[in-house]
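*Asks:* this one's structure only:
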Ligand code: ADP
């Protein structure tokens with residue numbers, strides 16, 4: 001199972017995978033951070049499609065095409081804004097990973113790349129978010145046989161090092 005998870009430092013918009021996950025906001029109309037980078041790389045057709053979808057509640061996921069991205073699909077999920085930890089943030093973040101993985105398998109994706117959801121502008125503590133990301137993915141992959149690879153695309157050394165450390169703890 002560990003061999004189906006990859007931790008990689010880089011830019012998610014460049015990933016040659018079936019689907020990339022976007023850390024979107026509830027409007028699905030684009031924004032800063034990874035969301036802005038994905039919209040810029042995909043081109044304006046992406047916004048046309050996400051406008052029609054009409055939004056997404058926190059913790060859920062919606063699917064669009066990838067347009068000019070190397071990835072065929074974009075799975076848009078909305079992470080929780082960190083508010084101290086007592087507003088269901090952990091459960092909502094876990095739902096983002098579960099619902100995104102489920103959406104990917106429903107599309108028939110074999111390879112999915114994730115950014116570190118909620119840990120940028122939304123302020124979720126990085127190590128805590130990484131534990132949730134890796135545990136939910138591990139649990140999902142243990143029950144699923146169709147996904148071949150889940151790639152965590154870490155933007156910068158700090159995120160990369162955190163994923164490596166937490167993975168060591170979880171997988172040994
Ligand atoms: P959120 O609003 O969910 O916190 P952000 O986009 O602000 O989303 O940050 C989420 C994570 O995405 C951060 O770790 C940020 O460094 C990272 N990120 C930003 N641009 C990219 C990119 N092009 N590829 C992968 N990760 C990115």
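*Replies:* Sure, I can see it. Note that the coordinates shown come from a computational prediction; the quantities given were computed from them, not determined experimentally. Numbering: from 1, shown residues only.
*Asks:* So is the one helix or strand residue 102 maps to next to the ligand?
*Replies:* Using DSSP states H and E, residue 102 sits in helix 89-107. No - judged by C-beta under 6 Å from any ligand atom, helix 89-107 and the ligand are separated, with a smallest distance of 9.0 Å. (C-beta placed from N, C-alpha, C; glycine too.)
*Asks:* contacting residues around that helix?
*Replies:* By C-beta atoms under 8 Å, 6 or more residues apart in numbering, the surrounding residues in contact with helix 89-107 are 18-19, 21, 58-63, 73, 75, 77-83, 112, 114, 117-118, 124, 128-129, 132-133, 135-137, 140, 144, 146-147, 150.
*Asks:* Now narrow those to whatever sits close to the ligand.
*Replies:* 79, 117, 118.
*Asks:* from these, which is closest to residue 34?
*Replies:* For these, the residue nearest residue 34 by C-beta to C-beta is residue 117; the value is 8.7 Å.
*Asks:* Could you check how far the closest one is from residue 48?
*Replies:* Relative to residue 48, residue 117 is positioned 24 Å away (C-beta to C-beta, to the nearest Å).
*Asks:* correct me, but residue 14 touches residue 38?
*Replies:* No - using C-beta atoms under 8 Å, residue 14 is not in contact with residue 38; the gap is 11.0 Å.
*Asks:* Of the contacts of helix 89-107, just the buried ones, PyMOL syntax please.
*Replies:* Selection of buried members from the contacts of helix 89-107 for PyMOL, criterion 16 or more other C-beta atoms under 10 Å:
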select buried, resi 18+19+21+58+59+60+61+62+63+73+75+77+78+79+80+82+112+114+117+118+124+128+129+132+133+136+137+140+147+150
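*Asks:* Now name the helix or strand holding residue 39.
*Replies:* Using DSSP H and E, residue 39 falls in helix 33-42.
*Asks:* low-confidence ranges in this structure?
*Replies:* Under the criterion pLDDT under 70, no range of the chain is flagged.
*Asks:* how about the helices in it?
*Replies:* In the chain, the helices defined using DSSP state H lie at 33-42, 44-53, 89-107, 126-143, 157-171.
*Asks:* Same question for the second one: list its buried residues.
*Replies:* Going by neighbour count (16+ other C-beta under 10 Å), the buried part of helix 44-53 is 46, 47, 49, 50.
*Asks:* Relative to the ligand, how far out is the second one?
*Replies:* Residue 47 sits 16 Å away from the ligand when distances are taken as C-beta to the nearest ligand atom, to the nearest Å.
*Asks:* and residue 53, what does it touch?
*Replies:* Contacts of residue 53 by C-beta under 8 Å, 6+ apart are 28, 62, 64, 76.
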